[in-house]
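Engineer: no sequence for this one, just the structure:
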């Protein structure tokens, strides 16, 4: 008579995997990051290249969405002019939680070479940023790396977004006031 | 070090001049070309001054006569395209703008530049009925210099936002923007009361904040990412002492702020 041993705790036995809710949720979130189709300047060309077949964002589950309601990552790719800042912030507000922001390129990080009256000196003045990506313009590999770093960050976070703190826009002045 | 000279009014006097620099001057020639001569005669008394610069006819006119001059150039002389139109700020020197229109005759392959001097605060007549390209060009001129254009179909800002203050191409306009410009996005998105919270723009690309443990980590102050700044945890950096130099001796001057 054959004897059958059932390993309840191992995956070789019954189809059971043990995990925590945090890990399960973050596994889902980090592997289906949908960025907003939103280009501001020349960095957007590199962003498009990252999405196209050679660099292929799709294999990471990163699919560009044409609506802020369906997106959960905002890649600020390029120079943010002051005239446009209002609309960038509105798009960010329209995205549903959970949402993350990648600031791509020197212009988005600090204003870059546009040290002028018409350019926002760093998008973190208006939108809390998760990943700063240096470069002018960053290569598609770099954007992919930023995306992978964001995945890493999400996997570290709590599944409950209320427990995760957004970047404090006020740290620049040292004043403690919650903005977002 | 070079002597510090305030650069508030950049137009009045250049703060740096190259001693050996010779300002290139464009040679001006008499109007000998048959076609250009016919243009000058067609314009008649409207021409204040006419000469040829690099193969192009330059005509100085009175600002009140610009529409009639353009009409003659278009209908009699065949200048059917207005390729460029704008102004130059000479307010500090003469309290005047220099306005110019660049016209092209396609059949003759000739170009004419019409130039006039417009007093500060005066308005110019629109040439939009003659050249449709003037519509946007005149709006840009209004946006950048604040020059008003009479009888323009839709005179409003074209590049800067509608609620912008100031005209950025004036030479008195600061490059980093005035008070209004530097707070524009904060005022618009969060409201004026958030100015204090967000703080002024950082215009210094080499700025280092010793209290910021998120963006900077320093030798002698090794704390976790994002920790609150605590001056007691500062460890003075010790340098090596060689036979020649003692680096611990503070002989050099340390600045509190960046110059």
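Structural biologist: Looks like it arrived, so ask away. Treat the numbers as computed from the prediction; the structure is a model and nothing was measured. Numbers count the residues shown, from 1 in each chain, chains lettered A, B, ... in the order given.

Engineer: which residues touch the closest residue to residue A:121 other than its chain neighbours?
Structural biologist: With sequence-adjacent residues excluded and distances taken as Cβ to Cβ, 6 or more residues apart in numbering or on different chains, residue A:121 is closest to residue A:111, at 3.9 Å. To be clear about C-beta, it is placed using only N, CA and C from the backbone, and glycine gets the same treatment. Shown in contact with residue A:111 (Cβ atoms under 8 Å, 6 or more residues apart in numbering or on different chains): A:119-122, B:201.

Engineer: list only buried entries from these.
Structural biologist: Neighbour counting with 16 or more other Cβ atoms under 10 Å in any protein chain shown marks A:119-122, B:201 as buried within the contacts of residue A:111.

Engineer: would you map the strands across chain A?
Structural biologist: A:73-77, A:100-104, A:131-133 (DSSP state E).

Engineer: ok, how many other residues are close to residue A:123?
Structural biologist: Neighbourhood size, residue A:123 [other Cβ atoms under 10 Å in any protein chain shown]: 29.

Engineer: ok, now residue B:257?
Structural biologist: 4.

Engineer: in the stretch 51-200 of chain B, which residue sits nearest chain A?
Structural biologist: residue B:177 (3.0 Å; Cβ to the nearest Cβ).

Engineer: touching, that residue and residue A:114? I think so.
Structural biologist: No - between residue B:177 and residue A:114 there is no contact under Cβ atoms under 8 Å: 11.6 Å.

Engineer: tell me which of those two has more neighbours.
Structural biologist: Counted by other Cβ under 10 Å, residue B:177 and residue A:114 do not tie: residue B:177 has more neighbours, with 21 against 17.

Engineer: residues contacting residue B:195?
Structural biologist: Counting by Cβ under 8 Å, 6+ apart, residue B:195 has contacts B:183, B:186-187.

Engineer: can I get the residues you listed in a markdown table including neighbour count?
Structural biologist: Shown next, in a markdown table, are the contacts of residue B:195 (neighbours: other Cβ atoms under 10 Å in any protein chain shown):
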| residue | neighbour count |
| --- | --- |
| B:183 | 18 |
| B:186 | 24 |
| B:187 | 15 |
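
Engineer: give the buried residues for stretch A:130-144.
Structural biologist: Here stretch A:130-144 shows A:130-133, A:137-138, A:140, A:142-144 as buried, counting by 16+ other Cβ under 10 Å.

Engineer: ok, now stretch A:56-63?
Structural biologist: Buried-residue list, stretch A:56-63, by 16+ other Cβ under 10 Å: A:57, A:60, A:62.

Engineer: just the pLDDT for the first one.
Structural biologist: Reading off the confidence values, residue A:57 has pLDDT 91.
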